[in-house]
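Chemist: Model the structure of this input:
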Amino acid sequence: MTPVAGLGRLTLSALATLGRIAIFAAQVVTHLFRPPYYPRELGHAIMQIGWFSLPVVGLTALFTGGALALQIYAGGERFSAESVVPAIVAIGMVRELGPVLGGLMVAARVASSIAAEIGTMKVTEQIDALVTLSTNPIKYLALPRVVAATLAVPVLVAVGDAIGIMGGWLVGVNRLGFNSAAYIKNTVDFLEFWDVASGLWKGAAFGFIVAVLGCYHGMNSGRGAQGVGRATKSAVVGASVLILAANYLLTEVFFSS
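Modeler: Numbering: from 1, shown residues only. Model prediction:
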């Protein structure tokens, strides 16, 4: 029974951690409706999370769109269905690959940064200093980052979608022999409003997850360099897994009918 007992302990520990994260997220959301607010911290967080994440998200989307066009063309050749490349590249990017890959790239860059920054502040007792100055750490440190990520990641997803579709267009026109005007017309004709909107909603949810996980693990990091390192690792891994799980749940909600 030892392996079963170990599996049970692991499951209970994971559920307890999820519960603590949910409570922390609820505390962050409740502070959204109570002053004081820190607009300077919010603006700084938007720059760090949104603007400085744009290059990595854009490059990821560009190469993903190009590779997707090649793969769909290679598969469509078997059924003489090469003409579906523009439509499937566009739908695949805006529904799934754009939000998910954008969220994962932001998780790798932002969740680790937030966890390391706040974890270092805890180790150096800067969070204790905030409490001494009657400043709520969740209000000052977590709330601006969560709001910034929730607002910035959908914008990153929208830009990534456009760049990914452009990557597919570049490969389709220059490598696969598609007519440029026909490729663009097929892309526009087959995309629907809800395809794009669902991806943006996913981006908002993924941004919220990334910031909450980064802040939670940073504020609960252990002492010393090893504690900060474990907090950073846990933030990235946890955010990535929750993004993939949330993506399935949101896809089920949006497109199950």
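
Chemist: so V56 touches A107, yeah?
Modeler: No. V56 sits out of contact with A107 when judged by C-beta atoms under 8 Å, with a separation of 11.4 Å. (Each C-beta comes from the backbone N, C-alpha and C, glycine too.)

Chemist: middle-most residue in this protein, spatially?
Modeler: Nearest residue to the geometric centre of the chain (C-alpha atoms, centre = their mean): G103, 2.1 Å.

Chemist: List the residues that contact that residue.
Modeler: Contacts for G103 (C-beta atoms under 8 Å, 6 or more residues apart in numbering) come out as 153, 157, 202-203, 206-207, 209-210, 243, 247.

Chemist: what's the next secondary structure element after the host helix or strand of it?
Modeler: Secondary-structure assignment from DSSP states H and E places G103 in helix 98-106. Beyond helix 98-106 in the direction of the C-terminus, DSSP H and E gives the next helix or strand as helix 112-123.

Chemist: and the helix or strand following that next one, what other elements does it pack with?
Modeler: In the C-terminal direction, the helix or strand that comes right after helix 112-123 (DSSP H and E) is helix 126-132. In terms of contact count using 3 or more C-beta pairs under 8 Å, 6 or more residues apart in numbering; DSSP states H and E, helix 126-132 is assigned the packing partners helix 137.

Chemist: now the angle from whichever helix or strand comes after the helix it packs on to helix 112-123?
Modeler: Sequence-wise, the next helix or strand downstream of helix 137 (DSSP H and E) is helix 143-174. With axes from the mean of the first three to the mean of the last three C-alpha atoms, to 10 degrees defining the directions, helix 143-174 sits at 160 degrees from helix 112-123.

Chemist: how far off helix 98-106 does helix 143-174 point, in degrees?
Modeler: Orientation check (the same axes, to 10 degrees): helix 143-174 against helix 98-106 gives 120 degrees.
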